[in-house]
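Colleague: generate a structure from the sequence data that follows.
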Amino acid sequence: MRGPFLRWPRMADASLAVVVLLCNVFVSDNEPELVIRSMSDLPVVAILLLALASGALYWRRRQPLAVLGLILVVMAVLTGLGQLNSVWALPFALYAVGCHANDNRWSRVGVGAAISFVTVISLIEREPAGNIGFVFAFLFLIWYFGRYVRVRGDYLRLLEQRAAQLEREYENEARRAVAEERTRIARELHDVVAHQVSLMTVQAGAAKTVAAKDPQSALQAMEAVETAGRQALDELRHLMGVLRPDSEASVLGPQPAIADIPRLVEQLRDAGLNVSLSIEGEADSLPARVALSAYRIVQESMTNVLKHSGAGVQAEIRLSIDEHAVAIEVIDNGRGANPLASSGHGIVGMRERAQLLGGQLEAIPRRNGGFQVVARLPIGEHLQ
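Modeller: Predicted coordinates:
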């Protein structure tokens, strides 16, 4: 929580100037200990000079060196008048020089001048050497503490700026990765819809050919056309929610699905991974985009295993398919990857795939080493 000196700096400095003035006028240390004195004990000139030195503290943040110089001049005049007591404004001015002076060299000059001035006066007044050393150390520590506060404040502000910059960069990278993934998904959905329409064309042609001779076969072909048409319309509705920037034309063709995962596993085994695969349930009736997303999530997960853990790692791929969802779990015992690392955006892309289908994905390091990716992709009436 910010204190009053930071929340209301002008009011705080004005209050400080008043308090220091009262101490200068009414507190005397000429005796062995501090005593309260009357204003009549001081000449008017001394009171005015003390008021000038105290009032200067109001500008201690904006002109710390000038305030310190003015206070030293006032102390010199009071010394000539024989009215010098402890000028309470001096420690606050030295702190301000350490904390608010922008030029470190002039800040050192200021503290050196103040210490030299007070030392000379102490020698003239024949103060004991112990008192002179104490005053020297006290004034230096006051200045040094102000400088420490300045340096620490600059360091903390630098850390905050750096943290804010890194957060902005990460957010920008994440948004860029999501946009790129949406573009890739849009292209893949386009290919899936085109493939379904091609199937409809072939089946409609077959129905037309056999309609006269075999009406039953033609009816079955038209039912297949209806099914493919419904799937194509479903994919088109999903495609409307994905923006696709202008890019080069994609080559039409079937997209990979869960049935292609065994072939992917064989490729990974050839790369040196020890991979086991378990698929429970029927994948033939899955919507095309769900099967495609499942394949891509497994592919990206295993690519991360190979990238971050290298060959010789053991991995398990488990897929469970029921009437409600496709559950995917990919586990490995390698070193694992940092999900916040900026070197790649595979996890961001996988999570975006799952969310676009109304599902969810979690990628976390395992407690005993390795990494785990768990996803759930809804199907049927739960599919978005």
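
Colleague: contacts and neighbour counts: CA atoms only from here.
Modeller: Will do.

Colleague: which residue is nearest the middle of this protein?
Modeller: residue 167 (3.1 Å; CA atoms, centre = their mean).

Colleague: that one should be in a helix, yeah?
Modeller: Yes: checked against DSSP: H, G, I helix; E, B strand; the rest coil, residue 167 lies within a helix.

Colleague: give me the element residue 65 is part of.
Modeller: helix 64-81 (DSSP states H and E).

Colleague: same question for that helix, mean pLDDT?
Modeller: Average pLDDT, helix 64-81: 85.

Colleague: what ranges do the strands span in the stretch 201-350 of the chain?
Modeller: For the stretch 201-350 of the chain, applying DSSP state E, counting those that start in this stretch gives strands covering 274-280, 314-321, 325-332.

Colleague: what inclination does the shortest one have with respect to strand 325-332?
Modeller: Translated: strand 274-280. Computed by axes from the mean of the first three to the mean of the last three CA atoms, to 10 degrees, the angle separating strand 274-280 from strand 325-332 equals 160 degrees.

Colleague: which residues sit against strand 274-280?
Modeller: 262, 265, 268-269, 312-321 (CA atoms under 8 Å, 6 or more residues apart in numbering).

Colleague: let's see it at 10 Å
Modeller: Identification of contacts with strand 274-280 by CA atoms under 10 Å, 6 or more residues apart in numbering yields 258-259, 261-262, 265-266, 268-269, 302, 311-322, 326-332.

Colleague: which positions in it come out as buried?
Modeller: In terms of neighbour count (16 or more other CA atoms under 10 Å), strand 274-280 has its buried residues at 274, 275, 279.

Colleague: format the strands of the stretch 201-350 of the chain as TSV; extra columns: mean pLDDT and distance to residue 138.
Modeller: Formatted as TSV, the strands of the stretch 201-350 of the chain follow (pLDDT from 0 to 100; distance: least, CA to CA, whole Å):
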stretch	mean pLDDT	distance to residue 138
strand 274-280	92	70
strand 314-321	93	66
strand 325-332	93	63
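
Colleague: out of those, which comes closest to residue 23?
Modeller: strand 325-332 (72.7 Å; CA to CA).

Colleague: residue ranges with poor pLDDT in the stretch 1-150 of the chain?
Modeller: 1-7, 28-41, 83, 85-87 (pLDDT under 70).

Colleague: in it, which spans are helices?
Modeller: 4-7, 9-26, 44-55, 64-81, 89-100, 104-124, 129-210 (DSSP state H, counting those that start in this stretch).

Colleague: deepest of the ones you listed, which one?
Modeller: The highest mean neighbour count among the helices of the stretch 1-150 of the chain, using mean count of other CA atoms under 10 Å, belongs to helix 89-100: a mean of 26.

Colleague: elements contacting it?
Modeller: Secondary-structure packing of helix 89-100 (3 or more CA pairs under 10 Å, 6 or more residues apart in numbering; DSSP states H and E): helix 9-26, helix 44-55, helix 64-81, helix 104-124, helix 129-210.

Colleague: tabulate those (JSON lines), appending distance to residue 376.
Modeller: Shown next, in JSON lines, are those (distance: least, CA to CA, whole Å):
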{"stretch": "helix 9-26", "distance to residue 376": "56"}
{"stretch": "helix 44-55", "distance to residue 376": "71"}
{"stretch": "helix 64-81", "distance to residue 376": "64"}
{"stretch": "helix 104-124", "distance to residue 376": "60"}
{"stretch": "helix 129-210", "distance to residue 376": "18"}
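
Colleague: to residue 98, which of the ones you listed lies closest?
Modeller: helix 129-210 (4.2 Å).

Colleague: tell me the contacts of residue 124?
Modeller: By CA under 10 Å, 6+ apart, the contact set of residue 124 is residue 118.

Colleague: against residue 79, how distant is it?
Modeller: Between residue 124 and residue 79 the computed distance is 10 Å (CA to CA, to the nearest Å).

Colleague: hang on, the earlier thing: just the buried ones among the contacts of strand 274-280, please.
Modeller: Among these, those classed as buried by 16+ other CA under 10 Å are 258, 261, 265, 268, 302, 311, 313-321, 326-332.

Colleague: wait, isn't residue 120 in contact with residue 79?
Modeller: No: look at residue 120 against residue 79 with CA atoms under 10 Å: they stay out of range, at 11.3 Å.

Colleague: ranges for the helices of the stretch 251-384 of the chain?
Modeller: So, for the stretch 251-384 of the chain - with DSSP H, counting those that start in this stretch - the helices run 261-270, 288-309, 346-356.

Colleague: need those in TSV (columns: mean pLDDT).
Modeller: Below are the helices of the stretch 251-384 of the chain laid out as TSV (pLDDT from 0 to 100):
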stretch	mean pLDDT
helix 261-270	83
helix 288-309	83
helix 346-356	83
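
Colleague: of all those, which one is nearest residue 15?
Modeller: Nearest of these (CA to CA): helix 346-356, 55.0 Å.

Colleague: which neighbouring elements make contact with the closest one?
Modeller: If you count contacts as 3+ CA pairs under 10 Å, 6+ apart, helix 346-356 packs onto helix 129-210, helix 288-309, strand 360-365, strand 371-378.
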